[in-house]
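Enquirer: coordinates only, sequence not included:
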């Protein structure tokens with residue numbers, strides 16, 4: 001529903017979707033524990049951020065996308081709120097070394113981003129059929145040879 005909202009929402013409607021995203025993305029709760037588990041609390045918000053971004057891009061809803069990236073999120077209770085663009089990204093959620101333990105992603109440079117793209121493409125292809133990145137062309141290594 002959020003992805004469709006990012007696709008179709010006009011300026012008056014986008015506030016509803018942005019507030020619900022903020023509710024999911026704001027961090028709260030215990031601040032002690034294993035670092036990897038504390039970092040993974042942001043995983044659902046990051047997946048939603050990818051989906052919202054793709055939905056907004058598919059319909060050229062750039063106003064929504066800018067507002068989404070400028071939205072202030074609470075990361076820690078003792079720090080000031082930060083913009084979404086500086087708070088939610090793959091390495092902030094899971095360190096690069098920890099990303100390499102994902103099955104079948106050991107040799108990839110950005111394993112978590114690749115996983116997100118495949119996740120979003122499989123689930124949102126019917127929602128945003130106009131988005132070219134949902135069905136990227138396969139490029140063989142022969143295309144790069146001189």
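Expert: Looks like it came in fine. Bear in mind that the values here come from a model prediction, so they are computed numbers and not experimental data.
Enquirer: count of neighbours near residue 43?
Expert: As a burial measure, residue 43 scores 14 neighbours (other C-beta atoms under 10 Å). (C-beta placed from N, C-alpha, C; glycine too.)
Enquirer: nearest residue to the most centrally placed residue in the chain other than its sequence neighbours?
Expert: For the chain, residue 50 is the residue whose C-alpha lies nearest the centre (C-alpha atoms, centre = their mean; 2.9 Å). Leaving aside its chain neighbours, residue 50 sits nearest to residue 116 (5.0 Å; criterion: C-beta to C-beta, 6 or more residues apart in numbering).
Enquirer: swap in residue 17?
Expert: residue 5 (4.2 Å).
Enquirer: contacting residues for the one you found?
Expert: By C-beta atoms under 8 Å, 6 or more residues apart in numbering, residue 5 lies in contact with 13, 14, 16, 17, 55.
Enquirer: gap between stretch 3-21 and the chain center?
Expert: 16 Å (C-alpha atoms, centre = their mean, to the nearest Å).
Enquirer: straight-line length of it, end to end?
Expert: This stretch, stretch 3-21, spans 11 Å end to end (C-alpha to C-alpha, to the nearest Å).
Enquirer: rewinding a little: and the pLDDT at the residue nearest to residue 17?
Expert: Note for residue 5: predicted pLDDT of 80.
Enquirer: check which helix or strand it maps to.
Expert: helix 2-8 (DSSP states H and E).
Enquirer: what residues sit buried inside the helix or strand following that helix?
Expert: Downstream of helix 2-8, the first helix or strand assigned by DSSP H and E is helix 14-25. Under the neighbour-count criterion of 16 or more other C-beta atoms under 10 Å, helix 14-25 has 14, 17, 18, 21, 22, 25 buried.
Enquirer: whichever helix in the chain runs longest vs helix 14-25, what angle?
Expert: Secondary structure assigned by DSSP state H gives helix 43-58 as the longest helix of the chain. Per axes from the mean of the first three to the mean of the last three C-alpha atoms, to 10 degrees, the angle that helix 43-58 makes with helix 14-25 is 150 degrees.
Enquirer: sounds good, over and out.
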